[in-house]
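Q: my questions are about this predicted structure, shown below with the sequence.
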Amino acid sequence: MLQNFVPVLILFLFAAAFGLGVLLISSLLGPKRPTAAKQATYECGMDVQPDARRPLDVKYYLIAMAFLIFDVEVIFLYPWAVQFKSLGLFGFIEMLVFLFILLVGYAYIWKKGVLEWE
Amino acid sequence: MDFQLADLKLIAPHIALLGTALLVLMVEVFGHGRRRPEATWISLLGIGIAAAATGMSCHENRLGFSGMLAADGYSAFCNMIILIVGALTILVSSNYLKDERHEHGEYHALILLSMTGMMFMASATHLLLMFLALETMSIAIYALAGFFRTKEGVESCFKYFLLGAFSSAFMLYGIALIYGATGTTQIHGIMEQFTQIKGLASSPMALSGIALLIVGFAFKVAAFPFHGWTPDVYQGAPTSVTAFMATGVKAAAFAAFFRIFFVAFPATSPVWSQALWLLAVATMTMGNFAALAQRDVKRMLAYSSIAHAGYLLVGVVTATAAAGTGMLFYLLSYAFMNIGAFACVIMLGRRGADSTNLDDYAGVGFKYPLLAAALTLFMFSMAGIPPTAGFIGKFLIFKAAIGKEFYWLAVIGVLNSAASVYFYLRVIVYMYFRERPEAAPEGLRSGPAITVATVVAAAAVLILGLAPGFVVRMAEAAMSTF
Amino acid sequence: MVTTVFFICAALAIAGALGVVSFRNPVHSALAMLGTMVSIAVIYLLHNAEFIFAIQLMIYAGGVMMLVIFVIFLLDLRREEEQRAKLKSGKVIAIGVGGLVFLSLLIPLAGSITGKTGGMTEKALERIGSVEYLSNELFTNYLLPFELASVLLLVGLVGAVALAKKRL
């Protein structure tokens, strides 16, 4: 059983080695002339919050919640896709009902303007 | 595969509610204009359809969806209680929401969705379905508790959410342990395993699972010592939501509690009935004595709701068909009297100030005689004074307890009801025997919908108290097809 | 072989968990948490739970960790590193209670294994893969809980909007 996952392990090792290797090489070869702007967390101009113990803007949580809910939706699609053929039309309709209920939720948040960063 | 299209008929009421909730959401975002009173009418219509579907399926008596849920008289009766609770809540909320400037379709959608969860809880015969339904119900109610976004409301929402998440985790671990011990989560299957495997009834794993299930349910019904959240949450939430929580959640949780323990765990009943015996006594005593000290009516009603959970637990401890009948009757009458009482509380409040202190009730009796009469009736019913529904409910439950020789439990219950008369009557004393202060605000927060709800609740409390025969027979029939 | 992998992953998971609470830099804590989650995913795999393995990677290591790191990057970390936490008596009590809870969760498992299993036995898994087995169960016998899950997700969505949207 586990033998099936050896390729996954190899891929994982390659990915980890690549990521670490790039970091290592750039720290060895790259010139270091730090400035305040370069040291900022986002080098693209987004200012960080000065204090971590302050509540974060609530709109972040709304987006996070919507993201997680549709992320969870996807995990149900995965086993369904694996057995799509043997589940047949019945499984298809079942998934349509499932998706429809969440689609209503999606239409709702869209029209509500939740997806806009106001 | 084990699915037939005929199974869909068993969940017709649930589908009707869910469809209505989706419709309300869509009307909320695609409808035009700022004020949208449609949500109320659509919701009531949906509840009506669900009630009709329940009525049509009440003669069914079978399991559906591979043993996931039972359509029997018991679930039909519980569904009816939940639908009544929902309809009354929506009627009570209509004016309240408008007055507080929170007339949003989300409110109705959340009520309908949580009712869907409640109805699935009442008919679930599978622990997983029950758990999902419980979460659906709870999460909707967490959001409703903070719907007004006042300081107290948000506090109530957050407290309920954190503690509720804890209790859900306990319950889930209990379900996992029971699955580990019996290899199934279907309640009839669990019962069979207990009869087949020798020594399972005394295995620590099975017993811990049962204990953790008790913790989860005790939290949801607000039983001692898992009641700590109740006063703050009930006080901080919008009053209409408090009414919904106190009646709907209790009905659904007790329905599932009774079904699971009655069907799945009769083999271990000597053990858990002792634990629940203690819980019941502690819950009613603690609830009543804490309520004695309250000067805030909403908080007093919160403690009273704990005490009522104690009386209802007596029904679960007894776990006979007679006790089930009593419990069903009690849940129904509690729905009417509690929502009625909260409707009166809403009418006496003003925008942004609920004025639920006892002093705000001084002199109400002569200023608003009809409202005071209704509130008096509800208080009598909660105290269990004849001829009201509350009296019959308590009578049925204590009679069942005596029938199974739980004498002390019945005696303690009766003593508790006697003690509770003090704080219920205190509201009446304030209404009729105290002068109304000069500065008291004028006018009631009333409207046609809330008046209808109050009148219906008052009439039901009286009818169930004077002529309970019909409903008691219905509850008995419901228990006979369990 | 399986046992060796298990012990390596278990040790990594515990080390990661300790790292989460003891690193000064929140980014390091987040990375330690990622390590814990991946190690736990491998432990799921060792128990033939391929589906849970995939979910653990997708939802926790993917979705949840991304949200956590996003928040951490919005904060100024240098200040955070200067703060020092003291070990107060409250914390000592909390550690004691936490330990007791941990022990009490272990007790029901000790010595009372009945040997009952559900349908997902090793034999069944040999015949048909774990994801296939789960899929067949989920979309037939567990049809109702599956559909109810979408209602639960919808409730979460509507509830979040009702609580947190600026103007409803």
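A: Looks like it arrived, so ask away. Predicted, not measured: the structure shown is a model, and the values here were computed from it.
Q: for B:F342, grab the count of nearby residues.
A: Using other C-beta atoms under 10 Å in any protein chain shown, B:F342 has 30 neighbouring residues. To be clear about C-beta, it is placed using only N, CA and C from the backbone, and glycine gets the same treatment.
Q: equivalent analysis for B:K298, please.
A: 21.
Q: how about the one 5 residues further on?
A: By other C-beta under 10 Å, the residues close to B:Y303 number 25.
Q: so which helix or strand takes in it?
A: Counting by DSSP states H and E, the element that carries B:Y303 is helix B:297-318.
Q: kindly format the C-alpha coordinates of that helix as CSV.
A: What follows is helix B:297-318, C-alpha atoms only, in CSV (Å, rounded to 0.1, in the frame of the first residue of the first chain):
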residue,chain,number,x,y,z
VAL,B,297,-36.6,39.6,33.9
LYS,B,298,-34.7,38.3,30.9
ARG,B,299,-32.0,36.8,33.2
MET,B,300,-34.7,35.4,35.5
LEU,B,301,-36.2,33.7,32.5
ALA,B,302,-32.7,32.3,31.6
TYR,B,303,-32.4,30.7,35.0
SER,B,304,-36.0,29.5,34.8
SER,B,305,-35.1,27.9,31.5
ILE,B,306,-32.3,26.0,33.3
ALA,B,307,-34.8,24.8,35.9
HIS,B,308,-37.2,23.7,33.2
ALA,B,309,-34.3,21.7,31.6
GLY,B,310,-34.1,20.0,35.0
TYR,B,311,-37.8,19.0,35.0
LEU,B,312,-37.4,17.7,31.4
LEU,B,313,-34.3,15.7,32.4
VAL,B,314,-36.6,13.8,34.8
GLY,B,315,-38.3,12.5,31.7
VAL,B,316,-35.0,11.3,30.2
VAL,B,317,-34.0,9.6,33.5
THR,B,318,-37.2,7.8,33.7
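Q: what residue spans form the domains of chain C?
A: Each domain of chain C is listed here as a residue range: C:1-82, C:127-168, per automatic domain parsing.
Q: confidence-wise, which helix or strand of the chain is lowest on average?
A: Unless you meant another one, I'm taking chain A. Lowest on mean pLDDT, DSSP states H and E among the helices and strands of chain A sits helix A:36-39, with a mean of 72.
Q: not quite, go with chain C.
A: The helix or strand of chain C with the lowest confidence, counting by mean pLDDT, DSSP H and E, is helix C:77-82 at a mean of 62.
Q: ok so, going back, ranking the domains of chain C by burial, who's on top?
A: When the domains of chain C are scored by mean count of other C-beta atoms under 10 Å in any protein chain shown, the highest mean neighbour count falls to domain C:127-168 (a mean of 21).
Q: ok, and does that one reach over to chain B?
A: Yes: on the criterion C-beta under 8 Å from any C-beta of the partner chain, domain C:127-168 is in touch with chain B at C:140-145, C:148-149, C:151-152, C:154-156, C:158-163, C:168.
Q: residue ranges with poor pLDDT in chain C?
A: Residues of chain C that meet the criterion pLDDT under 70 lie in C:76-87, C:111-112, C:114.
Q: now do the helices in it.
A: Counting by DSSP state H, chain C has helices at residues C:2-22, C:26-46, C:50-55, C:65-73, C:77-82, C:89-106, C:122-127, C:130-138, C:143-164.
Q: is any residue of the third one near chain A?
A: Yes: applying C-beta under 8 Å from any C-beta, one finds that helix C:50-55 is in contact with chain A at C:F51, C:A54, C:I55.
Q: for the residue in chain B that chain A sits nearest to, which non-adjacent residue is closest in space?
A: As assessed by C-beta to the nearest C-beta, chain A sits closest to B:V29 within chain B, at 3.7 Å. Nearest non-adjacent residue to B:V29, counting by C-beta to C-beta, 6 or more residues apart in numbering or on different chains: A:K111, 3.7 Å away.
Q: now the helix or strand the one you found falls within: buried residues?
A: Assigned by DSSP H and E, A:K111 belongs to helix A:84-112. Within helix A:84-112, the residues scored as buried using 16 or more other C-beta atoms under 10 Å in any protein chain shown are A:87, A:91, A:94-95, A:98, A:101-102, A:104-106, A:108-109, A:112.
Q: related to what we said a few turns ago, the residue nearest to B:V29 against B:V27, yeah?
A: No: the pair formed by A:K111 and B:V27 falls short of the contact definition of C-beta atoms under 8 Å, at 11.1 Å.
Q: which bits of chain C sit near chain B?
A: Within chain C, the positions near chain B by C-beta under 8 Å from any C-beta are C:105, C:107-114, C:116-118, C:140-145, C:148-149, C:151-152, C:154-156, C:158-163, C:168.
Q: what's the angle between the longest helix along chain B and helix C:89-106?
A: Counting by DSSP H, the longest helix found in chain B is helix B:151-182. In terms of direction (axes from the mean of the first three to the mean of the last three C-alpha atoms, to 10 degrees), helix B:151-182 departs from helix C:89-106 by 30 degrees.
Q: which elements pack onto helix B:151-182?
A: Packed against helix B:151-182 by the contact rule (3 or more C-beta pairs under 8 Å, 6 or more residues apart in numbering or on different chains; DSSP states H and E) you find helix B:127-145, helix B:187-196, helix B:204-220, helix B:230-236.
Q: buried deepest among those helices, which one?
A: Greatest average neighbour count among the helices and strands packed on helix B:151-182 goes to helix B:127-145 (a mean of 26), per mean count of other C-beta under 10 Å.
Q: indicate the residue of chain A located nearest to chain B.
A: A:K111 (3.7 Å).
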